[in-house]
Structure formats: C-alpha cells, structure tokens
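structure of the sequence below:
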Amino acid sequence: MITITKNEEVVLNQIKIFAIEYPDGIPLNVLRKDLGFHEYDLVQILEELKDKELILFSDNKISLSEHEKEINTVNSKKDVEELELNMKEMESYKLIQELVDDKNLISKYTLEGHLLYGDLKLSNFRMYHIILSLQNKGLLKSINKDDGEYYLLVE
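Next up, the predicted model:
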C-alpha cells in the first residue's frame, strides 16, 4: 500500500483525467493551469508521486505508471511519515520473527545487518528508531550474554 497526501491525490486524480486526452504525456503547464498550483509546489508533488512510482515525470511531461497500486490518502506529510514508519515497524517485526532461533534470540549484529541491508533497506536512523520503538512497546528486549549482545523477541 502506498500512502499519499490529499494534495498528491488531487494531482494524481487530475493526471488520470488528462491521461486520456494526452496519451504521449501531459504537459506540465496544462496541469499547472488546470490545478492552479504554483509551479514549484506542483513539481514537488510530482516528484513525490514519481518517487512512489505512481507516475512517470520527465522533460516536463507527466504520465501514469503501468503499476496498479493500492493507495491510502492522509492529511499531511507528517501523517504519511508516521504511517510508513508503522508499516516499516510491522515489516521489521515480521522479519525478526523469521530470524530468531528456537529461544527467540537473535544476535544484535545479525538483526541490524538484516534491517540495513536486507529487503527493508532501512537507514541507520530508522533502524535504531524501529528497534527502540519495539523495545518501548515491550516486543523486543536487549540482552547481554557472555558471547555477545542479543535481542530477545518477547511474545
């Protein structure tokens, strides 16, 4: 699921309408005039939609991407970040469940490596934020053993 803001939704809906009329790509000024957005703001929104792989945007032409994706709309960018973090937190928790041994333990470095370089490709900041959040929620506990540092998955 992809989460977008209300402004991104307005722009995306207008692109869907113009896509029929402009099969080779919607000119940026046509979209800007129709929506009444300042060009800088519109380009920022288009870049966000491009990053989320909902549209193609180059040479001041916009077209829909070929991918059908489930879209969730929220009020602000802050809401988007919070929702995405919660989704990443859930994905991280599922990954931890798969990685723990029969005693629900996983090496600190193994876990961090999987979060950083595995499918989730989290940044250092986000990885530590997620681990701390899971610890604060009582789902993960840091443990020191004779042979190193571990996390215990609390179930």
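
pull out the buried residues from the least confident helix or strand in the chain by mean pLDDT.
Every helix and strand in the chain was compared by mean pLDDT, DSSP states H and E; the lowest is strand 71-74, with a mean of 75. Across strand 71-74, burial judged by 16 or more other C-beta atoms under 10 Å covers Thr73, Val74. Quick note: C-beta positions are derived from backbone N, CA and C, even for glycine.

poorly predicted segments of this protein, please.
Counting by pLDDT under 70, the ranges of the chain that qualify are 81, 84-85, 155.

re the thing from before, contact partners of the least confident helix or strand of the chain?
Strand 71-74 is contacted from outside by Met1, Ile2, Thr3, Ile4, Thr5, Lys6, Glu8, Glu9, Leu12, Leu54, Val80, Leu83, using C-beta atoms under 8 Å, 6 or more residues apart in numbering.

which of those tops the neighbour count?
Glu8 (24 neighbours; other C-beta atoms under 10 Å).

ok, Phe18 - contacts?
Ile26, Val30, Leu31, Asp34.

got JSON lines for these, with neighbour count and distance to Asn144 too?
Converted to JSON lines, the contacts of Phe18 look like this (neighbours: other C-beta atoms under 10 Å; distance: C-beta to C-beta, whole Å):
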{"residue": "Ile26", "neighbour count": "23", "distance to Asn144": "58"}
{"residue": "Val30", "neighbour count": "15", "distance to Asn144": "62"}
{"residue": "Leu31", "neighbour count": "21", "distance to Asn144": "57"}
{"residue": "Asp34", "neighbour count": "12", "distance to Asn144": "61"}
